[in-house]
Structures are given as C-alpha cells and as structure tokens.
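Enquirer: the following block contains a protein sequence and its predicted model.
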Amino acid sequence: MSEDDCGAAFALPVAEDVEIVPVTIDVTDDAMAAMEGAMVNAEDGDVLVVSVLGGGCSGFMYDLQIQNRPDEDGWQFISCEGVTVAVHDRDSVQLSGITLDFVNSLMGGGFKVINPNAQKACSCGKSFR
C-alpha cells in the first residue's frame, strides 16, 4: 500500500456520554384536551413523542409527534390521564420538569412548552437555549 492510498479521510462514530434524569411532565387542562383530540385518530400503541431538535432562533426547538411506541431501549414513558408521552433519554435533561400547555390565539393555536431548564427562550415560543 502506498502513501497515496492512505490519504483518504474517514470518520468513526464516537461514543457520547449522555446524562439521563427521570422525566416529569405537567400538562395543563387545555393541553390535555388537545392531546386527547389529537390521539382520537391514532392507532393502538401510538404515543406522543416530545423531543428536542437543533435549530430555531435560540439553538433548539421542541418537536411533538404522534407515532408508534418506540420499542428500543433509551426511552422514558409518562402516562398523562390515558395519553402516553415518550421522551428519549438523550433529551431528558432538557425536557424534565416541562409543562405542556395549549394556547389558542388569533395567529393560530398550538402547544406551548414552558421549560424551567431553558436559559433563554425565543419570543416565538418554539425555540430555546
């Protein structure tokens, strides 16, 4: 093998230590009604997945999706009056202690996340740091 053959760069996956905390979530009455309404057409075994994505005005965004219950390790499941909320362990530090609310406004309604862990929140209410 010549030196020219060894010049190609490649990346190996790096193990990352993730801090995991038990997740607690409070849900307002308005959010509970909205969750129940959204889950009406869900299939048996579907859950509301709450996660954190990179992006938004402040660095992170909240993502809420109804999907099949994850069966791999690394998930925490919180029962909220018959609706199951799933949070991945990698998001547990950022999402533990949140309150889910639902707000109706002239600009349209939607879920609002009140997060005591956020250092800063954008005025749009959809992103945080």
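Expert: Thanks, I have the structure now. Numbering: from 1, shown residues only.

Enquirer: in the protein, which residue is most central in space?
Expert: Geometric centre of the chain, nearest residue: S51, 1.1 Å, by CA atoms, centre = their mean.

Enquirer: ok, now which ones touch that residue?
Expert: Contacts here follow CB atoms under 8 Å, 6 or more residues apart in numbering; on that basis S51 touches Y62, D63, L64, Q65, V87, H88, D91, L95. Where C-beta positions appear, they are placed from N, C-alpha and C, glycine not excepted.

Enquirer: among those residues, which are in helices?
Expert: Judged by DSSP state H, helices contain the following of the contacts of S51: L95.

Enquirer: pLDDT weak spots in this structure?
Expert: Residue ranges of the chain with pLDDT under 70: 1-8, 13-16, 56-58, 120-129.

Enquirer: what ranges does it have for its helices?
Expert: Here the chain has its helices, by DSSP H, at 29-39, 92-95.

Enquirer: hey, which of those is tucked in deepest?
Expert: helix 92-95 (a mean of 19; mean count of other CB atoms under 10 Å).

Enquirer: all good on my end, thank you.
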